[in-house]
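In: Fold the following and give me the result.
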Amino acid sequence: MRLDGRDLDPSPPGFLAALGRALDEPPDTSPLEALARRPRGVLLVDTYETLAPLDGWLRETLLPELPGGHLVVLAGRDPPAAGWLADPGWRDLARVVPLRNLRPSESRAYLHARGVPAAQHPAALSFTHGHPLALSLVADVSASGGDPTAFAPEQRPDVVRALLERFVERLPGPRHRKALEACAHVRVTTEALLAAALEGDDAHELFGWLRRLSFVEEGPQGLFPHDLAREVLDADLRWRNPEGYLELHRRVRRFIVGHLRRARGLERQQAFFDLLYLHRNNPIMRASTDWDTLGTAHVEPATAKDREAVLAMVRRHEGEASARIAEHWWRRQPEAFAMFRSTGGELVGFVAALALHRADPADLEADPAAAAARRFADRHGPARPGEELVHHRFWMGTDTYQTVGSARNLLAATSSLECLSNPRLAWSFAVYADPDAWHPTMTYLNYLRATEAEFEVGGRRFTVYAHDWRAEPVLAWLDRMAERELATDQRVDLLEAEMAAPLLVLSEPEFQAAVRQALRDYTRPAALADNPLLRSRLASQAAAGAPTAATLQTLLREAAEALAANPRDERLYRALACTFFEPAATQELAAERLGLPFSTYRYHLAGGLRRVTERLWRRELYGDD
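Out: Okay, here's the model as predicted:
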């Protein structure tokens, strides 16, 4: 019986269900009862590192119930947990076998099973030394009709690279090579992503071809190559064809961002990890992300039963004073707390994303972090009516606290998905206990160190980073991240120098005055160029590059023409058009052109101004019409 940890839910019911399928037993049959009828058997469990949450249950509950004639093999990247060797019962039964290169007899058996001609075996063994991936590539090259031994290994010490190059030379066609390069570039490959990367109608065929390659593996979310193969293929394309590499990156990124914006729930979290994976070659992000655990844990809303675990975690890592503040927020905003759990349900951390705009004076008095952040926002860009402030006040891993690990991966997912899905978000804040460790990452993400929002609790100083999503809206931020993803030599001082001048965050009266002035200056582009709306969120989202007078003219015209679509409002549009877009010399002449009494004309004009301003204000706040 063979199970793969990637293909099952790491929970007792999930493991038993997979075991039942491996035994080919009916769903209503207990797999343990089925095994009891089989006195001998071998259970192979691959990728065991993904089943860490089940390790104790397997050791203490399931395996002791198996018949004595069964052999169990657990294969994974990590050494066995201490319990296997500390327990006297298991110490005599368990055998730890570090798997290195295959022995010559095993290598020949593998090559024979893969159909490699016996004449090639001696040379293959001499330069692969039994390396499993190299042996599989020998078989792939041989199956494609080539001779994998036809090069001098002493001149090519990187055997895996050499074999991959020979394999790529024998690919069925150029589309297959592009499919392989796309698979190497992304975290996981689906047929839909492959179609977007290659822009053709042969994605189904190419996806099936990828599945058959020995160094490409399957998981619940898609295909992925062996780590060594991925590194060689991706680095080779980047060196050999930088323009093609950039185009591939843009295509897959466009697909992933689109999927991210459409997906919901756990699927959306996985889509975020796909986007985050595109940053893996940047030196700053490479050091601040736990790539091995990416996608192995998820975020879910906290429930009442999580309260004690949250408070205990805060107490352990930050002390009693912080725990009292966390307890206050649990009473006031329990919905702000979200738990980080592994796929098996094990708690790996939590985050508390507070709705700071709803904090009352008692909240601000109870938490110096909330009070400092509100003062910072009020000074540097107050929240306007309907806008929100989110403070990631607490976040930590169960054992890792705020070091690199699953919890930090999930904080990145939580904060990024918040800004992508909440058009009312004005400010994001995040707390860090070790600014030296995280300053490069937060600068890379274009978050400002908000020294005025820093605070002290229990004698410990905490650093706060902030981002104003009105000054740099989410689409502009995504564009900035796209520029940084492929940079391999970034320095923090250069990133700080890149920080754009913030956009103006206009109050509603200031915005209304700017719209009226822009309408008056509609036919005078030089005057429009000085309008404060050009530095607003409204204009920055509407322009492909830097907003211009033409950007404002388009925004004003579109907002007015929306009135013309409704017969009841067409009169308002005509009053605006005669006054601003094709203006009469005076308002009296505009009323005469429209055939209206002057008072009626003024009434229609005031209504049109109000409706256009309201429409543009909604776009300024929420980024929509």
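
In: for the chain, longest helix please?
Out: helix 598-622 (DSSP state H).

In: from the chain's centre, how far out does that helix sit?
Out: Its chain's average C-alpha position is 40 Å from that of helix 598-622, according to Cα atoms, centre = their mean, to the nearest Å.

In: Name the surrounding residues that touch that helix.
Out: 384, 386-387, 423-424, 506, 508, 511-512, 515-516, 519, 536-538, 541, 555-556, 559-560, 562-563, 569, 571-576, 579, 587-588, 590-591, 594, 596, 624-625 (Cβ atoms under 8 Å, 6 or more residues apart in numbering). Yep, even glycine has a C-beta here, placed from its N, CA and C like the rest.

In: Give me the subset of the residues you listed that lies in helices.
Out: Using DSSP H, the contacts of helix 598-622 in helices are 508, 511-512, 515-516, 519, 537-538, 541, 555-556, 559-560, 562-563, 571-576, 587-588, 590-591, 594.

In: List buried residues within these.
Out: 511-512, 515, 519, 537-538, 541, 555-556, 559-560, 563, 571-576, 587, 590-591, 594 (16 or more other Cβ atoms under 10 Å).

In: which helices and strands sit right next to the lowest-mean-pLDDT helix or strand in the chain?
Out: Lowest on mean pLDDT, DSSP states H and E among the helices and strands of the chain sits helix 492-498, with a mean of 71. Where contact means 3 or more Cβ pairs under 8 Å, 6 or more residues apart in numbering; DSSP states H and E, helix 492-498 is packed against helix 435-444.

In: And the helix or strand harbouring residue 259, what's buried?
Out: If you go by DSSP states H and E, residue 259 is part of helix 242-262. Of all the residues in helix 242-262, those buried under the rule 16+ other Cβ under 10 Å are 245, 248-249, 251-253, 255-257, 259-260.

In: same question, stretch 222-236
Out: 222-226, 228-230, 232-234, 236.

In: pLDDT averaged over that stretch - what is it?
Out: With pLDDT averaged residue by residue, stretch 222-236 scores 85.

In: Stretch 398-413 now?
Out: Here the average pLDDT along stretch 398-413 is 93.

In: for that stretch, which positions count as buried?
Out: Under 16+ other Cβ under 10 Å, the buried positions of stretch 398-413 are 398, 400-402, 404-413.

In: ok and the longest helix of the chain relative to helix 508-520, angle-wise?
Out: 120 degrees (axes from the mean of the first three to the mean of the last three Cα atoms, to 10 degrees).

In: Spell out, range by range, the strands that occur in the chain.
Out: 2-4, 40-46, 69-74, 216-219, 222-225, 297-301, 337-342, 347-355, 388-397, 425-432, 448-449, 455-457, 460-468 (DSSP state E).

In: ok, residues contacting the fourth one?
Out: This points to strand 216-219. Taking Cβ under 8 Å, 6+ apart as the rule, strand 216-219 contacts 6-7, 183, 188, 210-211, 223-226, 229.

In: got it, and the last one?
Out: Counting contacts by Cβ under 8 Å, 6+ apart, the residues outside strand 460-468 that touch it are 318-319, 369, 372-373, 376-377, 380-381, 419, 426-433, 435, 438, 442, 445-450, 453-456, 477, 502, 505.

In: Kindly report the same for stretch 549-557.
Out: Contacts of stretch 549-557 (Cβ under 8 Å, 6+ apart): 515, 518-519, 522, 525-526, 528-529, 531, 533-534, 538-539, 542-543, 580-581, 612, 616, 619.

In: Which of the residues in that stretch are classified as buried?
Out: So stretch 549-557, judged by 16+ other Cβ under 10 Å, has buried residues 549, 551-553, 555-557.

In: could I get those as TSV with distance to residue 2 and pLDDT?
Out: Shown next, in TSV, are the buried residues of stretch 549-557 (distance: Cβ to Cβ, whole Å; pLDDT from 0 to 100):
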residue	distance to residue 2	pLDDT
549	68	90
551	61	91
552	65	92
553	67	92
555	61	93
556	66	93
557	66	93
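
In: Okay, buried residues for stretch 125-139 please.
Out: 125, 127-128, 130-139.

In: then that stretch to CSV, C-alphas only?
Out: What follows is stretch 125-139, C-alpha atoms only, in CSV (Å, rounded to 0.1, in the frame of the first residue of the first chain):
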residue,chain,number,x,y,z
LEU,A,125,26.6,4.7,-13.0
SER,A,126,30.1,6.2,-13.3
PHE,A,127,28.9,9.8,-13.7
THR,A,128,25.6,9.7,-11.7
HIS,A,129,27.1,7.8,-8.7
GLY,A,130,23.6,6.6,-8.0
HIS,A,131,22.1,10.2,-7.6
PRO,A,132,18.3,9.4,-7.9
LEU,A,133,17.4,12.6,-10.0
ALA,A,134,20.3,12.1,-12.3
LEU,A,135,19.4,8.4,-12.8
SER,A,136,15.8,9.4,-13.7
LEU,A,137,17.1,12.0,-16.2
VAL,A,138,19.3,9.3,-17.7
ALA,A,139,16.2,7.3,-18.3
